[in-house]
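Novice: sequence? don't have it. structure:
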Ligand code: 5CU
């Protein structure tokens, strides 16, 4: 373990290994990497909301560039380590960034095998990076969600054998063997996913749940599609709503009761769940279709209980108000874990220095200290202690 008295652990920090970038560079539909004559860096185009800007840029070289610059911060281990050092982060729990392997084809047997092989190769890459930096790096593995269930279960077995794996990063699409995630997977409330969730619980691998699909572009209106509001609406609102809906569906389907050993860590402080859990509970209690339908006569656990028993939230919410709400929803600071979302949200604008201090990181760290008390035990737990305990960092 690091020698610091209070380690700072970043549990929300992404990377794209080179084999993943190679895959994106050979694609013509999102997610993709593309070079434009007017940009020194290739552009990384991930989200459905970025398609209109991509089409404009392809038609008109003077149009604003789509997506985001693919800088070394997305791909380079030395950039990750330098970022950690710049921000006083002692340990990072890396994860592949969205959309993980959701987009791999699922058609024939060869394609299905390909998904399993790709996951194996990416997970081995993360393990090698962590092994080369003992005590500094751990990772959440990636699952081949478009592959048949047995291939996913094999990937979980592989991950449970990797010394630095501490869970899996998962999107909200669920099993996607019927057409790919972009076409809409069956979601995390699909009973067919239960064996996968049981396997993760048995292997003591928590799920780091992260959004990617957001909400349909139409929700944000034509001015957003025209690029007038940048990425703000899909990222600030679409992402958190996606997480909220996914977990609410799991709750309504009884997934948490069916898999009581399942541990989830929700990105972006649980979307809007801490704020809306009361409303969800009230809607359940007042819905004639649900009242009195508790399974096997057992009392239904409330969403509040699930939040306090099976769910942790990251602290990537950028404000004291959001952080306090997240802490209260989970019954205290013990269920929150600091994160940065690096390499997303770098400094922008004139004079921006990606190798300097990132405001996005400062805001998240400040929120923890303001909400829980500068120098308090609670703040130390959120900044690192909880991750060390829950993810069994530094234990063989
Ligand atoms: O800026 C973005 O689009 C993103 C993203 O795609 N994934 C993420 O984790 N944060 C921000």
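Specialist: Structure received. It should be emphasised that the depicted structure is a prediction, and the values quoted were computed from it without experimental measurement.
Novice: Flag every residue of the chain that's near the ligand.
Specialist: Counting by Cβ under 6 Å from any ligand atom, the chain comes close to the ligand at 14, 46-47, 97-98, 231, 235, 341, 344. Glycine gets a C-beta too; all of them are placed from N, C-alpha and C.
Novice: How about the lowest-mean-pLDDT helix or strand in the chain, which residues are buried there?
Specialist: Scoring the helices and strands of the chain by mean pLDDT, DSSP states H and E places helix 109-131 at the bottom, with a mean of 92. For helix 109-131, a neighbour-count test (16 or more other Cβ atoms under 10 Å) marks 112, 114-116, 118-120, 122-123, 125-127, 129-130 as buried.
Novice: Greatest separation within those: which pair is it?
Specialist: Greatest spatial distance in those: 112 and 130, 28.0 Å, computed using Cβ to Cβ.
Novice: now the residues of the chain next to the ligand in a markdown table, with pLDDT and secondary structure?
Specialist: Below are the residues of the chain next to the ligand laid out as a markdown table (pLDDT from 0 to 100; DSSP: H, G, I helix; E, B strand; the rest coil):
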| residue | pLDDT | secondary structure |
| --- | --- | --- |
| 14 | 98 | strand |
| 46 | 97 | coil |
| 47 | 95 | coil |
| 97 | 98 | coil |
| 98 | 98 | coil |
| 231 | 94 | coil |
| 235 | 97 | helix |
| 341 | 98 | coil |
| 344 | 98 | coil |
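Novice: Widest-spaced pair of the residues you listed?
Specialist: Across the residues of the chain next to the ligand (Cβ to Cβ), the longest gap, 16.0 Å, separates 14 and 231.
Novice: what about the helices in the stretch 101-250 of the chain?
Specialist: Listed in chain order, the helices of the stretch 101-250 of the chain (DSSP state H, counting those that start in this stretch) span 109-131, 149-160, 194-202, 221-225, 232-233, 239-253.
Novice: Validate this expectation: residue 385 resides in a strand.
Specialist: No. Assigned with DSSP: H, G, I helix; E, B strand; the rest coil, residue 385 falls outside any strand and is helix.
Novice: That one against residue 6, yeah?
Specialist: Yes. Counting by Cβ atoms under 8 Å, residue 385 does reach residue 6; the two are 7.0 Å apart.
Novice: Is it possible to get JSON lines of the helices of the stretch 101-250 of the chain that adds distance to residue 335?
Specialist: Listed next are the helices of the stretch 101-250 of the chain as JSON lines, based on distance: least, Cβ to Cβ, whole Å:
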{"stretch": "helix 109-131", "distance to residue 335": "25"}
{"stretch": "helix 149-160", "distance to residue 335": "24"}
{"stretch": "helix 194-202", "distance to residue 335": "18"}
{"stretch": "helix 221-225", "distance to residue 335": "34"}
{"stretch": "helix 232-233", "distance to residue 335": "28"}
{"stretch": "helix 239-253", "distance to residue 335": "14"}
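Novice: Alright, I will stop here.
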